[in-house]
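Undergrad: Quick one, structure for this:
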Amino acid sequence: ERRRTEKLIQLLNRVLRHNLRNDMNAVAGWAKAIQSADSEGVRDASERIERIASSLVDLGEHARELEQYIQRDREPTRLDPEELLREALEGPRQRYPGATFAVDIGSERAVCAGTELSGALTELLENAVKHNPSSAPTADVTVRDDGEWVEVVITDDGPGIGEMERRVVTSGSETALEHGSGLGLWLVNWTVTRYGGSFQISPRGDGDGTAAIVRVPAIAADQSVADVETKPTVLFR
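TA: Numbering: from 1, shown residues only. Just a heads-up that it's a prediction; the model follows:
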């Protein structure tokens with residue numbers, strides 16, 4: 001756990017420095033452009049600055065959440081998938097009323113993880129619709145058994161996630177030259193691997209979009225948390 005925390009702090013420092021430097025350089029450039037722009041140019045530059053500022057705010061919020069997770073004790077418990085998804089979907093459904101979330105729970109078992117798993121699923125659910133240019137984006141959520149595991153699969157019909165971002169998270173490797181631009185997916189990675197699970201991202205098999213797969217230990221009705229509790233897995237290779 002200590003080694004995982006050290007690695008995550010390194011990631012936070014690297015991503016925050018990289019994004020802050022790049023985004024503030026962009027803000028400075030667009031602010032300079034305003035000085036000599038006509039009314040339409042001013043409007044365009046101000047909109048770009050607003051988007052950059054919003055992105056930095058989101059980055060700071062994710063950093064705060066990761067910091068809070070680091071400080072919390074690891075507390076595996078029994079979580080009902082239906083209740084877990086109901087909680088995870090509250091925010092996305094309110095923030096994206098035009099989106100459709102279809103849920104199919106194909107497992108009768110609970111999952112063994114911490115309550116922060118709900119926040120990780122919320123992150124994936126919001127990602128599934130907020131980057132979709134469609135006015136009516138859709139996301140399918142499937143819960144299924146896989147041996148000693150329960151998988152939560154979230155698929156969308158959006159533009160997909162960049163190859164580098166997908167490769168970094170899927171491989172579990174992160175370097176100064178190749179790392180994801182944000183922290184949301186690492187928040188998911190940190191939470192899931194903390195309870196012995198795994199997290200993968202891949203292109204959707206039947207067309208445009210992304211499939212995010214969260215795999216966590218399953219717990220049957222006649223089992224206790226101690227029976228299935230799994231040690232943390234490596235955050236980075």
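Undergrad: what's the burial count for residue 33?
TA: When neighbours are counted by other Cβ atoms under 10 Å, residue 33 registers 15. Quick note: C-beta positions are derived from backbone N, CA and C, even for glycine.
Undergrad: ok, it to residue 45 distance?
TA: Note on residue 33: its distance to residue 45, by Cβ to Cβ, to the nearest Å, is 5 Å.
Undergrad: and what of residue 224?
TA: 59 Å.
Undergrad: same check, this time on residue 60
TA: Taking Cβ to Cβ as the measure, residue 60 falls 23 Å from residue 45.
Undergrad: which one of the two has more residues nearby?
TA: residue 45 (19 against 14).
Undergrad: Spell out the secondary structure type for that one.
TA: Secondary structure, DSSP: H, G, I helix; E, B strand; the rest coil: residue 45 is helix.
Undergrad: Tell me who's in contact with the closest residue to it other than its chain neighbours.
TA: Closest residue to residue 45 apart from its sequence neighbours, by Cβ to Cβ, 6 or more residues apart in numbering: residue 30 at 4.4 Å. Residue 30 makes contact with 45, 48, 49, 52 under the criterion Cβ atoms under 8 Å, 6 or more residues apart in numbering.
Undergrad: what ranges do the helices span in this structure?
TA: With DSSP state H as the criterion, the chain has helices at 2-34, 39-71, 81-95, 117-130, 163-171, 184-194, 225-228.
Undergrad: Against residue 27, how distant is the residue nearest the centre of the chain?
TA: Geometric centre of the chain, nearest residue: residue 185, 3.4 Å, by Cα atoms, centre = their mean. According to Cβ to Cβ, residue 185 and residue 27 sit 24 Å apart.
Undergrad: One more: residue 61?
TA: Going from residue 61 to residue 27 by Cβ to Cβ gives 19 Å.
Undergrad: Of those two, give the one with the bigger neighbour count.
TA: Per other Cβ under 10 Å, whichever of residue 61 and residue 27 has more neighbours is residue 27, with 16 against 12.
Undergrad: Point out where this structure drops to low pLDDT.
TA: Residue ranges of the chain with pLDDT under 70: 17-18, 37, 69, 162-182, 205-207, 234-237.
Undergrad: switch to 90 and redo it
TA: Counting by pLDDT under 90, the low-confidence segments of the chain come to 1-74, 127, 130-135, 157-191, 200-210, 231-237.
Undergrad: The helices of the chain: which one's closest to residue 142?
TA: helix 81-95 (10.4 Å; Cβ to Cβ).
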